[in-house]
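Novice: Return a 3D structure for these sequence lines:
(chains A and B)
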Amino acid sequence: MTPALVLSAVLAAGAVFPPVVTIRRERVPGLTELSTGAAISDRHVVTLSAFTGPGSSPFVELDGDLHEPDTIHVCPDMGIAVLTFDSPVFYDFSKPDSRVPEVGETLVLVGQGLSGIISISARVVRHYEDGALLLSAPRMEGLMGAVAFDGEGSLVGLVTGVVSFSAHEASDISIDYLAVLPSQMWYIWADLAMEGSPRNEVPFGITATSCSGATGRDRPAGVLIVAVASGSMADGCGLRPGDVITRVDTVRTYHPESVRGLLMQTRDSLEAEVWFRGCSRVISLPPLR
Amino acid sequence: MKCKDALLLMDKVIDGCSTPTEEQMLHFHTSGCRACKRTMMMNRDISRVFRQISRPEPPADLEERVRARLAAAASIGSRRRPPLRYAVALPFVAALLIALGLSLGRGGTRMQETLVAEVDKAEDAGDSWKRPVTTPPLTAYIRPAGLVTF
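Specialist: Model prediction:
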């Protein structure tokens, strides 16, 4: 196969993922950066927050036209952003899938190369401690922020960086170990962002942060409660500083915004699995609106 | 014609295996599709470079140099007779010298010159999308954890 054929095969494979869009912005004066985004509704695009600022505005390129988003919601912790357009722009879009790909599963990464959309296959190597997935993929330009699709074509994550185990490995092999933030971790936050990031009217009463399993010797990854307001709803539920919320309803939780989003989307109380000093307990959390 | 079909047809056109009708159809598509036009230009560049570097000419004095080295090896051999197992390796050494002559001699320099010339030509052609456009590099995966109050 000629190099041109190889390239065309890659580009043709990319053409079957219509939700993937090109984000164009002037990174520094005179230098345009092309990056990847995924349309998750007819008015919303999810991408890495690094591609949206600071300084210059991002534009979404579609059919040769540039569209400037009306609002940009950023989640700094997860490093992702949702670009919102007031009127419908995208005919083809793909809602993020909450299914977490299995170890050994093959995914297709669709990214933005200099010459157009590129796509390659990657394999899930393991589940990272903080909820991210570790993938092995051939080394290729344009994979930062690439969109991960499973065999069914469902949007299952975004490439958020490279994981190098050592300089020796990184230089001698022609594969990259990529970290993918699975949709399961951010789709609830994205749902809220698509609604305009509404705040909960009734304060729940906690200050929390993400904690990965690696930071504490026995502590599991989840949402670590740092402070609980006295007399608040959270206090009434029995939450205490040091608790780690690992699951709400059936959703594995890694980020406080996921817990907030789930409690804002529900009409009924939800069961939560909470870890504290080696013991797990189940508590009931009330809806927030 | 869809982009997928155009990309497949592109190779046939570049390799000179297409019919005039196919070429016309592709031309019609690329005149209206900027992405395919860019791909077509890039594929042409790659194809042109590969065509030129796939047939490097051996240096004119290669044969003389190889013979001289073989003669030198033979004279050393006559002065200090090598063990039989080293003598067996001599044809392989000769082959290696020929290969080295091909890659390090004028052929290699030409390859380099061709590549540099092609890059310069592409840049001089004013293909603005090639120079001031970049894609974000893969950076180390770090996920900061901030405090959220709700």
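
Novice: Chain B against chain A: which residues are in contact?
Specialist: By CB under 8 Å from any CB of the partner chain, the residues of chain B that approach chain A are B:2-4, B:7-8, B:10-11, B:14-15, B:34-35, B:38-39, B:42-43, B:46-47, B:50, B:129-130, B:132-150. Heads up, the C-betas are built off the backbone N, CA and C, glycines and all.

Novice: now do 6 Å
Specialist: Within reach of chain A by CB under 6 Å from any CB of the partner chain, chain B has these residues: B:3-4, B:7, B:10-11, B:14, B:34-35, B:38-39, B:42-43, B:46-47, B:132-136, B:138-141, B:143, B:145-150.

Novice: Give me the secondary structure label for A:R24.
Specialist: When classified by DSSP: H, G, I helix; E, B strand; the rest coil, A:R24 comes out as strand.

Novice: who does it bridge with?
Specialist: A:L34, A:F59 (DSSP bridges).

Novice: Just the buried positions in the helix or strand that contains A:L109, please.
Specialist: Assigned by DSSP states H and E, A:L109 belongs to strand A:106-113. Using 16 or more other CB atoms under 10 Å in any protein chain shown as the burial criterion, the residues of strand A:106-113 that qualify are A:107-113.

Novice: now do stretch A:146-164
Specialist: Across stretch A:146-164, burial judged by 16+ other CB under 10 Å covers A:146-150, A:154-163.

Novice: For the stretch 151-289 of chain A, give the residue positioned nearest to chain B.
Specialist: Going by CB to the nearest CB, chain B is nearest to A:G161 of the stretch 151-289 of chain A, at 3.1 Å.

Novice: Distance check, the residue in chain B that chain A sits nearest to against A:A137.
Specialist: Using CB to the nearest CB, the closest approach of chain B to chain A is made by B:Y141 at 3.1 Å. B:Y141 sits 13 Å away from A:A137, going by CB to CB, to the nearest Å.

Novice: can you check A:V20 too?
Specialist: Distance, A:V20 to A:A137, using CB to CB: 16 Å.

Novice: More neighbours: the two, which one.
Specialist: A:V20 (25 against 22; other CB atoms under 10 Å in any protein chain shown).

Novice: which residues are contacting stretch A:147-164?
Specialist: A:20, A:38, A:79, A:94, A:96-97, A:101, A:107-110, A:143, A:146, A:170, A:176-183, B:138-141 (CB atoms under 6 Å, 6 or more residues apart in numbering or on different chains).

Novice: Mind doing that once more with 7 Å?
Specialist: The contact list for stretch A:147-164, computed with CB atoms under 7 Å, 6 or more residues apart in numbering or on different chains, reads A:17, A:19-20, A:36, A:38, A:48, A:79-80, A:94, A:96-97, A:99, A:101, A:105-110, A:133-134, A:143-146, A:170, A:176-183, B:138-142.

Novice: And stretch A:68-75, by the same measure?
Specialist: Contacts of stretch A:68-75 with the rest of the structure, by CB under 7 Å, 6+ apart, involve A:49, A:52, A:57-60, A:81-86, A:189, A:193, A:197, A:257.

Novice: Would you mind listing the buried residues in it?
Specialist: A:69, A:72-75.

Novice: So which of these belong to strands?
Specialist: Judged by DSSP state E, strands contain the following of those: A:72-75.

Novice: and of the residues you listed, the nearest to chain B?
Specialist: A:C75 (9.6 Å).

Novice: ok so, going back, can you list the buried residues of stretch A:68-75 in JSON lines and add pLDDT?
Specialist: Output for the buried residues of stretch A:68-75, formatted as JSON lines (pLDDT from 0 to 100):
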{"residue": "A:P69", "pLDDT": "94"}
{"residue": "A:I72", "pLDDT": "93"}
{"residue": "A:H73", "pLDDT": "92"}
{"residue": "A:V74", "pLDDT": "90"}
{"residue": "A:C75", "pLDDT": "88"}
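
Novice: on that earlier part again, and the residue of chain B closest to chain A, how many neighbours does it have?
Specialist: Neighbours of B:Y141 (other CB under 10 Å): 21.

Novice: so it touches A:V180, yeah?
Specialist: No. Look at B:Y141 against A:V180 with CB atoms under 7 Å: they stay out of range, at 9.4 Å.

Novice: Pull up the residues of the stretch 51-200 of chain A that are close to chain B.
Specialist: A:51, A:64, A:76-79, A:112-116, A:130, A:141-145, A:160-164, A:176, A:179, A:200 (CB under 7 Å from any CB of the partner chain).

Novice: Now A:G196: which helix or strand?
Specialist: Using DSSP H and E, A:G196 sits in no helix or strand.

Novice: Identify the residues contacting the closest residue to A:V202 other than its chain neighbours.
Specialist: Distances taken as CB to CB, 6 or more residues apart in numbering or on different chains put A:L288 closest to A:V202, at 6.1 Å, once the chain neighbours are dropped. Neighbour list for A:L288: A:200, A:202, A:204, A:263-264 [criterion: CB under 7 Å, 6+ apart].

Novice: can you give me the helices in chain A?
Specialist: A:3-14, A:167-172, A:183-194, A:233-237, A:256-265 (DSSP state H).

Novice: hang on, A:T253 packs against A:V259?
Specialist: Yes. If you go by CB under 7 Å, A:T253 and A:V259 touch, sitting 5.5 Å apart.

Novice: Give me the common contacts of these two.
Specialist: Common neighbours of A:T253 and A:V259 (CB under 7 Å, 6+ apart) are A:223, A:245.

Novice: Thank you kindly, that will do.
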